[in-house]
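# Predicted structure and sequence below. I'll ask about it afterward.
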Amino acid sequence: MDKPKKSARRKTSGVTIDEVAALAGVSPMTVSRVMNQGKVRELTRERVMRAVRELGYTPNLAASSLAAAQHTRIALIYTNPSGAYLRELLVGLLRVASSSAIQLVVDYWDELDAEAERNAARALGGRVDGVILPPPLCESQAAVAELVKAGIPVVAIASGHLSDDISCVRIDDFHAGKEMAEYLIRQGHSRIGFIRGRKDLSASARRYDGFVTALHEAGLEVESGLVQQGDYTYRSGLTAAEKLLSLRKPPTAIFASNDDMGAAAISVAHRRGLDVPRDLSVVGFDDSSAATTVWPELTTIHQPIASMANAAIDILLRSIRRRTDSAPVLMDHVLPHRLVVRDSVAAPSKRR
């Protein structure tokens, strides 16, 4: 079994600004200016950001940010169908909030329509200083428009692209999806089923685009029957996996767009008497707790959810300090992902 190349990154908490400065060949003060959107030469900025990405560095909240955090109310608005994803995001936010005197407001919007989202955003605007929108609300045009209109800084988490109105913290979903598909192809799989995420999220489309690109580059066709729609819930994964495994010629591997649906695919395989991974390989996406509470544990893409929460709060505090400026500074903060190999993938069984 192929092993992914070890990354040069260390854990975010272990990387210091001095290490970033050394790798970039600049002073720590220059790194600080880049991270705070200060004036530096463009070539220097690119060199520093290249070092930041390579080391996986996420800056600790500066002293000025800590001062700004006093009595700052930041809202997390959610209606996420994946409990495992939401739990890790919330833990990350609580950890940062508790160490920086931020008041975290958690608001649940239960399947609101566009008008209800506008009303809820309007009511929230007068109570908080900043808002974090995880998927699927990260791409709610109604909520974003109302919050921006009220002058509230907003950060979207895990959106597939940078908005013109709000900042974003994300991974490169296209390359993550492509990397996972390439891994399955290297194991010998040529008939790979794919369970898509929600239709209304650009990150879902980017993961699928990466999957398709990998297949095309390997000279493989994308059969329509091997692609099933899901919505990131466990139940949708059950339905999609049943359809895939009921085909006259079923896939030898299933790539689910998140771990919940991947866990569901393993459940369906077991129910049908299939051994995972001997008879069917299954992979997920996110590296949430759902990936390690199934047997066998899921090979998946690690999305640094806690680090994304930390970066989102950092961006919000910087934006709150700059609210008197005429033009807000929007950031597209892309964190590194990695392929996590566990026991759910093997070469296709010759018996099949």
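Yes, it's here.
# Spell out the secondary structure type for Val128.
What DSSP: H, G, I helix; E, B strand; the rest coil gives for Val128 is coil.
# Would you confirm that it contacts Ile152?
Yes. Counting by Cβ atoms under 8 Å, Val128 does reach Ile152; the two are 6.8 Å apart. All C-beta atoms are positioned from the backbone trio N, CA, C, and that covers glycine.
# show me where the stretch 51-200 of the chain has strands.
73-78, 103-108, 130-133, 154-157, 167-170, 192-196 (DSSP state E, counting those that start in this stretch).
# so where's the stretch 201-350 of the chain uncertain?
323-328, 350 (pLDDT under 70).
# how about the strands of it, start to end?
So, for the stretch 201-350 of the chain - with DSSP E, counting those that start in this stretch - the strands run 227-229, 253-256, 281-283, 300-302, 332-334, 338-340.
# Out of these, which one sits most buried?
strand 253-256 (a mean of 30; mean count of other Cβ atoms under 10 Å).
# Just give the strands next to that strand in its sheet, each with its orientation.
strand 192-196 (parallel), strand 281-283 (parallel) (DSSP bridges).
# got TSV for those strands, with distance to Pro304 too?
What follows is the strands paired with strand 253-256, written out as TSV (distance: least, Cβ to Cβ, whole Å):
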stretch	distance to Pro304
strand 192-196	23
strand 281-283	18
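# Tell me which of the ones you listed sits nearest to Leu86.
strand 192-196 (19.6 Å; Cβ to Cβ).
# Which residue, other than its chain neighbours, is closest to Arg206?
Asp173 (3.7 Å; Cβ to Cβ, 6 or more residues apart in numbering).
# and that neighbour, how many neighbours?
A count of nearby residues for Asp173, using other Cβ atoms under 10 Å, gives 28.
# try Thr79
Under the neighbour criterion other Cβ under 10 Å, Thr79 is assigned a count of 17.
# Thought Pro136 was touching it, still the case?
Yes. Counting by Cβ under 8 Å, Thr79 does reach Pro136; the two are 6.9 Å apart.
# residues contacting Ile254?
Ile192, Gly193, Phe194, Ile195, Ala241, Leu244, Gly262, Ala265, Leu280, Ser281, Val282, Val283 (Cβ atoms under 8 Å, 6 or more residues apart in numbering).
# Swap in 6 Å and give it another go.
Contacts here follow Cβ atoms under 6 Å, 6 or more residues apart in numbering; on that basis Ile254 touches Gly193, Ala265, Val282.
# just the helices in the stretch 151-300 of the chain please.
173-186, 202-217, 234-245, 259-271 (DSSP state H, counting those that start in this stretch).
# What is the neighbour count of Tyr78?
The number of residues packed near Tyr78 is 20, by other Cβ under 10 Å.
# again with Asn258
Neighbour number of Asn258 under other Cβ under 10 Å is 34.
# Relative to Glu242, how far out is it?
18 Å (Cβ to Cβ, to the nearest Å).
# circling back to that earlier point, mind listing what the residue nearest to Arg206 touches?
When contacts are counted by Cβ under 6 Å, 6+ apart, Asp173 touches Gly160, Ala203, Arg206, Arg207.
# For the first one, which non-adjacent residue is closest in space?
In space, and not counting its chain neighbours, Gly160 is closest to Ser202: 3.1 Å by Cβ to Cβ, 6+ apart.
# right, and that neighbour touches Ala156 too?
No. Taking contacts as Cβ atoms under 6 Å, Ser202 lies outside contact range of Ala156: 10.2 Å.
# Backbone torsions only: list them for Thr293.
Torsion angles at Thr293 (phi, psi; degrees, to the nearest 10) stand at phi -110, psi 10.
# distance of it from Ile77?
For Thr293, the distance to Ile77 equals 27 Å [Cβ to Cβ].
# Ok, Ser288 next?
20 Å.
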